[in-house]
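Enquirer: return atomic coordinates for the entry below.
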Amino acid sequence: MEDTHTYRSKRLNLPPGAWLLLLGVIAIAFTLRSPLTSVGPVISKIMGDLGISNTTAGFLTTIPLLAFALVSPVVPKIADRIGMARSLFLALLILIIGVLIRSSGGTGMLISGTFLLGVAISFGNVLLPSLVKLNFPMQVGLMTGVYTVSMNLAAGVAAGLSTPISNSVALGWRASLGVWALFGVIGAIIWLPQVKKRPVLEVAGMAKGPAPRPLWKSPLAWGVTFFMGFQSVMFYTTAAWVPEVLTSRGMDDSTAGWMFSLVQFSQIPFTFLIPIIAGRLKDQRLLVVIIAAFYLTGYGGLFVDNLALTPLWMVLMGVSGGASFGLAMMFFALRTNTPSEAASLSGMAQSLGYLLAAAGPVLFGAFHDMTGAWNASIWLFIITIILLLLAGLKAGKDEKTVPETGQ
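Expert: Next comes the predicted model:
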């Protein structure tokens, strides 16, 4: 059996080609959340301009999650056929197109562009864990931390600058959503050498071995899937609605955007550290319990109307969100034996997990529409945290989704 110590962080001593690959991974990671976190701080402006309801606005956040759910299962097959490098480059091009379409017209273009960028982000979500396991097998925890930090750093910048950009240019919210296509352009330029050097970025090493038992028959795979799903419910519902909750209680739009940015920046140390810590542990269930406790404290604070305590709640949300996301990404490596299995588990967990997450923003907005208050919606967070704890206690066990031959 492959020991957990395989994933312990080693000193990062890479050849020049690997450093270029690492830079490409970071550039791709910058595109995976920034187009999404830029929406929440300007959602009220979008609603006012286009005349859409809270429920419809929640659906706007749900659209990329539905795209993740639809596309994630086929991403490993596409990568198997054309290679990871080409798959990721294609995804960057689709993302650029999607972001620009989203920012260019009315409700129809907003929805169609959002779906396209969701399709594009699906490729990075699914393939980066497998790419790291394949190309950095002795530094999986460290490298997982590097790209998850990159995701959250870009997400925090996007959330914080979204409102200032919309207030400073004539195009308003359209500019604040469209500007993040620049990350896609920069990422495509940095990633292009990998396409030329690695036409089938080494999926050859992924496809060997007998066909494993279907993952849907593995209770452990379902634990990982639901853990991924519930932490996604927390993140995407927070991105969609927490700034609006704060503005409804008297906080100005710009400050509310920066409060959500504080959530993102608070995640950064923990998206880096938790994969490394998890890689040194055989059993991650204690980590799950600690994460759930931070979640409950932070989101429970939303019941408190005193805005002076808001920064504390935002930091606790960030700590728990960053830790849970980093752990979810690490589970794909820890609970599998090969890059192929990691890609398959990632595809299953992200497809079904994001389908589950898609309900979060819509339900949150719908509860507010029905009750006229936010407390009923905030209870959705509390219930989700309890379910995340239960799923994590299963996913954190020292097992593999597919036992190695001979076990």
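Enquirer: C-alpha from now on. contacts and neighbour counts both.
Expert: Fine.
Enquirer: heading C-terminal from the helix or strand Ala366 falls within, find the next helix or strand.
Expert: Assigning secondary structure by DSSP states H and E places Ala366 in helix 339-371. Where DSSP H and E defines the elements, the next helix or strand beyond helix 339-371 is helix 375-395.
Enquirer: which elements pack onto that following helix?
Expert: helix 219-248, helix 285-300, helix 339-371 (3 or more Cα pairs under 8 Å, 6 or more residues apart in numbering; DSSP states H and E).
Enquirer: to Pro164, which of those helices lies closest?
Expert: Closest approach to Pro164 among these (Cα to Cα): helix 219-248, 14.2 Å.
Enquirer: give me the mean pLDDT for that closest one.
Expert: Helix 219-248 carries an average pLDDT of 91.
Enquirer: so what touches stretch 184-193?
Expert: Stretch 184-193 is contacted by residues 21, 23-24, 27-28, 30-31, 85, 89, 92-93, 95-96 when judged by Cα atoms under 8 Å, 6 or more residues apart in numbering.
Enquirer: which residue, other than its chain neighbours, is closest to Ala278?
Expert: Gln284 (6.2 Å; Cα to Cα, 6 or more residues apart in numbering).
Enquirer: so what touches the worst-scoring helix or strand of the chain on mean pLDDT?
Expert: Counting by mean pLDDT, DSSP states H and E, the chain has its least confident helix or strand at helix 54-71, which shows a mean of 81. Outside helix 54-71, the residues that touch it by Cα under 8 Å, 6+ apart are 36, 43, 47, 111, 114-119, 121-122, 236-237, 240-241, 350-355, 357-366, 368-369.
Enquirer: still on that earlier bit, among the helices and strands packed on helix 375-395, which comes closest to Lys77?
Expert: helix 339-371 (9.3 Å).
Enquirer: and the closest one, what's buried?
Expert: Neighbour counts over helix 339-371 (16 or more other Cα atoms under 10 Å) mark 339-368 as buried.
Enquirer: thought Val195 was touching Leu90?
Expert: No. Using Cα atoms under 8 Å, Val195 is not in contact with Leu90; the gap is 10.0 Å.
Enquirer: the more surrounded of those two?
Expert: Using other Cα atoms under 10 Å as the criterion, Val195 and Leu90 rank with Val195 on top: 18 against 14.
Enquirer: state the helix or strand in which the more buried one lies.
Expert: helix 181-197.
Enquirer: look up how far Phe68 lies from the closest residue to Ser232 other than its chain neighbours.
Expert: Spatial nearest neighbour of Ser232, excluding adjacent residues (Cα to Cα, 6+ apart): Ala357 at 5.5 Å. As judged by Cα to Cα, to the nearest Å, Ala357 and Phe68 stand 10 Å apart.
Enquirer: before we move on, the earlier item: of the helices and strands packed on helix 375-395, which is nearest Leu273?
Expert: helix 285-300 (11.9 Å).
Enquirer: that closest one to helix 219-248, inter-axis angle?
Expert: 20 degrees (axes from the mean of the first three to the mean of the last three Cα atoms, to 10 degrees).
Enquirer: which positions in helix 285-300 come out as buried?
Expert: Neighbour-count burial for helix 285-300 [16+ other Cα under 10 Å]: 285, 287-289, 291-292, 294-300.
Enquirer: show me which pair in these is furthest apart.
Expert: Arg285 and Gly300 (22.3 Å).
Enquirer: okay, now the unreliable bits of the chain?
Expert: By pLDDT under 70, the low-scoring segments of the chain are 1-17, 198-213, 403-407.
Enquirer: point out the other helices and strands that the helix or strand where Leu36 lies packs with.
Expert: Secondary structure assignment for Leu36, by DSSP H and E: helix 34-37. Here helix 34-37 touches helix 140-168, helix 219-248, going by 3+ Cα pairs under 8 Å, 6+ apart.
Enquirer: so how far is that helix from its chain's centroid?
Expert: On the basis of Cα atoms, centre = their mean, to the nearest Å, helix 34-37 sits 10 Å off its chain's mean C-alpha point.
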